[in-house]
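[1] Any chance you can model this:
(chains A and B)
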Amino acid sequence: MAEEPQKPYMEGPMHSTTPVIDPGLTFASVTDKISSIVLKRKTSLAWFFGFAISFALFQLMLLAITNLVFVGIGLWGVNVPVAWGVDILNFVWWIGIGHAGTLISAILLLLRQRWRTSINRFAEAMTLFAVAQAGMYPVFHLGRPWLMYWLFPYPNTMGIWPQFRSPLMWDVFAVSTYATVSAMFWFVGLIPDFATLRDRARSKPFQILYGALAMGWRGSARHWHRYEMAYLLLAGLATPLVLSVHTIVSFDFAVGIIPGWHATIFPPYFVAGAIYAGFAMVLLLTIPLRRFYGLEGFITMRHMHNMAKVMLATGLIVGYGYIIEAFFGWYSGNKYERFMIWNRMNGPYNLYYWALILCNIIAPQFLWSKKVRSNLVALWIISFIVSIGMWLERFVIVVTSLHRDYLPSSWGMYQPTVWDWSMFIGTIGFFFTLLFLFIRFLPMISIFEMRTILPSAEVEE
Amino acid sequence: MAQDDPENPTHGRRDEVERPSSLSGPISSSAHHPHRRHAPPLYGVIAEFETPGDLVHAARKVYEQGYRRINGYSPYPIEELSEAIGFTHTSLPLIVFIGGVLGGIAGFGMQYYMEVIDYPLNVGGKPYNSWPAFIPITFECIVLAAAFSAVLGMLILNKLPQPYHPVFNTPNFALATRDRFFLAVEANDPKFEHDKVFALLQSLNATEVSDVEV
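    Below you'll find the predicted structure:
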């Protein structure tokens, strides 16, 4: 590790000793190291082991869905008054996780944070796969998922249109746009790397596969110029998009008149929570991955520190959200609002509430310490706790608000069933199945962007 | 977008370009068949460089000599390179802007048509044209259309997918996606004179200069 600050690939006085990239790397070694993970390295036993477990859990998801479609959503624990249960909270949880990927790839690009380069590809993949999980929940929650196309405005024999004044319709457009734009952003980022793989691949099928995906990319200066422009514009579009998506997800709740949902703090508080959960998931995945594939030269301690700090900052915003929610309940002077917050803290689901405070507010405070941020085991554990905490947060928002509304006669309790859990565990399996395939067949670090942050990339005439 | 596209290998005037008759000798350091009678048309002369600095320097010099149908190839985007070859304008931002505007109009128009004209429905006493409620979807349509314009616009202006391109015939060109840098002077440049271009590129610190066929 270099001792003195070296301008091109380090910024800021605080980080003068922790580079964004191992300074000993060259164009050739960066290219060979990342592409060899895909092309040359023998698939390890651990990969097969991890893939097998994920794939088995994925089968559990298929089983859960098949059973659900045959029997109906009575299989889940949802019923009036808690008609939105674990399924909708899982939707929010997964889509929130996805937001860190877009934040890293788009917002940090616009802010010229060069450290994003080695984690953006991976984080974008995580976004896509998380959104894929999220998208399934509302569809199967419909009860008749085969009529899902009714959500889209298409001319039909019934002569009717969707109701565009409903946030649920906004959600359909937001989530499908988000999934499409994320996929395009990811694919555009991959084109030059497909060309790299095409030129490195030894076997014919892989040459054809990567060659077709690279679409004849040849690194032409004119192409690069337009490419960079397209990438920048996409980043500029993805930035407001990602903020709009979780804002609209929060509208699903905030536009409703249920105490505990109807709050103006929801949009910013949901967006911060999404980024918080997302960074926790990125850390949760990159810490073992960089170790396993020996990527410490690319994903340095600098990245770990920065991600931990983002997590701490967004965690504090989320904490502020909880305080404001409680303040709203008291200050509104509305007895239903007051009861809602009292019920969260002391009602039948109070354990969830206090566990959430512990996971989301208390646990991340350890990240103030540099020692904790430098300790990868501690960082991993905190990220894990935060991921659980964000799940609990959505549980508290969805379930405790619904189970005690205005009329005591309509109060009830909610208990997720084994099929709720099967679906959830199954989607985790599906997520990891996709992730394992991704790290095996695609470069998990953007090769061409890594070249740009090398010291030798500076043009010296 | 004519000004956006001076790079066009398969059209143009390459048929008029005569390959120089004296192809033997040291100038053709890596032509595959130096003694063949009927040489296929020449795409251009391509030089290989070790560093980005050498490439940008060479590109500037070649541009200064008045060559315009030139192009650089590099493993990562080099801002100075596109400036050096005189390629600084792209109409992509305009395309994306138009795409976004059209997407927004289409998004709002769709909702207006469906909720106001085709099937007006009184929901909670709100006006039929309750435009604030139409904004989220309008916004999503703007972003979706603009993003499609950015991606498709970039691919179409770049003429991708393009499975074959003469530049792939350059020796070592597979390294253009690793650690080598290339500069091409195309044969359809009005000033193109094979021997002169070849000598010029050789004098610019190139590690290898080769004739590349179409």
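[2] Just the pLDDT for residue 163.
    By default, I'm working from chain A. What the model reports as pLDDT for A:Gln163 is 91.
[3] actually it's chain B I care about, not the one you picked
    Per-residue confidence (pLDDT) for B:Pro163: 89.
[4] Next, it: phi, psi?
    Dihedral angles phi and psi of B:Pro163 (degrees, to the nearest 10) take the values phi -60, psi -40.
[5] hang on, it packs against A:Ala214?
    No: counting by Cβ atoms under 8 Å, B:Pro163 stays clear of A:Ala214, with 9.7 Å between them. For glycine as for every other residue, the C-beta is placed from the backbone atoms N, C-alpha and C.
[6] Secondary structure class of A:His246, three-state.
    Three-state call for A:His246 (DSSP: H, G, I helix; E, B strand; the rest coil): helix.
[7] Can you get me a residue count around it?
    Applying other Cβ atoms under 10 Å in any protein chain shown, we find 26 residues neighbouring A:His246.
[8] so it sits right up against A:Val271, yeah?
    Yes: counting by Cβ under 8 Å, A:Val271 is a contact partner of A:His246 at 4.6 Å.
[9] Show me whatever sits in contact with both of the two.
    Residues touching both A:His246 and A:Val271 (Cβ atoms under 8 Å, 6 or more residues apart in numbering or on different chains) are A:His99.
[10] re the thing from before, quick one, which of B:Pro163 and A:Ala214 is more surrounded?
    Between B:Pro163 and A:Ala214, counted using other Cβ under 10 Å, A:Ala214 has the larger neighbour count: 23 against 11.
[11] Distance check, the more buried one against chain B.
    A:Ala214 sits 9 Å away from chain B, taking Cβ to the nearest Cβ, to the nearest Å as the criterion.
[12] Quick one: residues contacting that residue.
    Here A:Ala214 is in contact with A:191-192, A:194-195, A:197-198 (Cβ under 8 Å, 6+ apart).
[13] check which helix or strand covers the residue positioned nearest the centre of chain A.
    Nearest residue to the geometric centre of chain A (Cα atoms, centre = their mean): A:Gly98, 2.0 Å. Using DSSP states H and E, A:Gly98 sits within helix A:86-102.
[14] and that helix, what does it pack onto?
    For helix A:86-102, the elements it packs on are helix A:120-141, helix A:167-200, helix A:221-254, helix A:266-292, helix A:376-395, helix A:418-441, judged by 3 or more Cβ pairs under 8 Å, 6 or more residues apart in numbering or on different chains; DSSP states H and E.
[15] Of all these, which one comes closest to B:Phe192?
    Among those, helix A:221-254 comes nearest to B:Phe192, with 18.3 Å by Cβ to Cβ.
[16] just checking, what packs against the closest one?
    Secondary-structure packing of helix A:221-254 (3+ Cβ pairs under 8 Å, 6+ apart): helix A:86-102, helix A:108-110, helix A:167-200, helix A:266-292, strand B:70-73, helix B:79-84, helix B:92-112, helix B:131-157.
[17] out of these, which comes closest to B:Asn188?
    Closest to B:Asn188 of those, according to Cβ to Cβ: strand B:70-73, at 11.1 Å.
[18] check whether the closest one contacts chain A.
    Yes: Strand B:70-73 lies within reach of chain A by Cβ under 8 Å from any Cβ of the partner chain, at B:71-73.
[19] neighbour-wise, which of these leads?
    Using other Cβ under 10 Å as the neighbour test, the residues of strand B:70-73 next to chain A are led by B:Gly72, with 29 neighbours.
[20] Please name the residues that touch the residue nearest to the spatial centre of chain B.
    Most central in chain B under Cα atoms, centre = their mean is B:Asn158, positioned 4.3 Å from the mean C-alpha point. By Cβ under 8 Å, 6+ apart, B:Asn158 lies in contact with A:220, A:222-223, A:226-227.
[21] how does it look with 7 Å?
    By Cβ atoms under 7 Å, 6 or more residues apart in numbering or on different chains, the residues touching B:Asn158 are A:223, A:226.
[22] mind checking which helix or strand residue 68 is in?
    Unless you meant another one, I'm taking chain A. helix A:45-71.
[23] Then B:Asp195?
    Judged by DSSP H and E, B:Asp195 forms part of helix B:194-202.
[24] Can you name the element that comes right after that helix?
    strand B:208-213.
[25] for chain B, what are the nearby residues on the stretch 301-450 of chain A?
    For the stretch 301-450 of chain A, the contact set with chain B under Cβ under 7 Å from any Cβ of the partner chain comprises A:Phe448.
[26] same thing but 10 Å
    A:447-450 (Cβ under 10 Å from any Cβ of the partner chain).
[27] Can you tell me which of the residues you listed is nearest B:Tyr43?
    Taking those together and measuring to B:Tyr43 by Cβ to Cβ, the closest member is A:Phe448, at 24.8 Å.
[28] and the closest one, what does it touch?
    Residues near A:Phe448 by Cβ atoms under 10 Å, 6 or more residues apart in numbering or on different chains: A:30-31, A:117, A:189-193, A:195-196, A:217, A:219, A:224, A:227, B:74-77, B:177.
[29] try it again with 8 Å
    Each residue near A:Phe448 by Cβ under 8 Å, 6+ apart is listed here: A:192-193, A:196, B:75-77.
[30] who in the stretch 51-200 of chain A is up against chain B?
    A:153, A:159-165, A:167, A:169-170, A:173-174, A:177, A:180-181, A:184-185, A:187-188, A:191-192, A:195-196, A:198-200.
[31] Tell me which residues touch the closest residue to A:Leu60 other than its chain neighbours, please.
    Spatial nearest neighbour of A:Leu60, excluding adjacent residues (Cβ to Cβ, 6 or more residues apart in numbering or on different chains): A:Gly426 at 4.3 Å. Neighbour list for A:Gly426: A:57-65 [criterion: Cβ under 8 Å, 6+ apart].
[32] So for the residue of chain B positioned farthest from its centre, what's the pLDDT?
    Taking Cα atoms, centre = their mean, the residue of chain B most remote from its mean C-alpha position is B:Gly125, at 54.7 Å. B:Gly125 carries a pLDDT value of 91.
[33] Next: the one 3 residues further on.
    According to the per-residue confidence, B:Tyr128 scores 95 in pLDDT.
[34] Just give the number of residues close to it.
    B:Tyr128: 13 neighbours (other Cβ under 10 Å).
[35] May I have the phi/psi pair for it?
    phi -60, psi -50.
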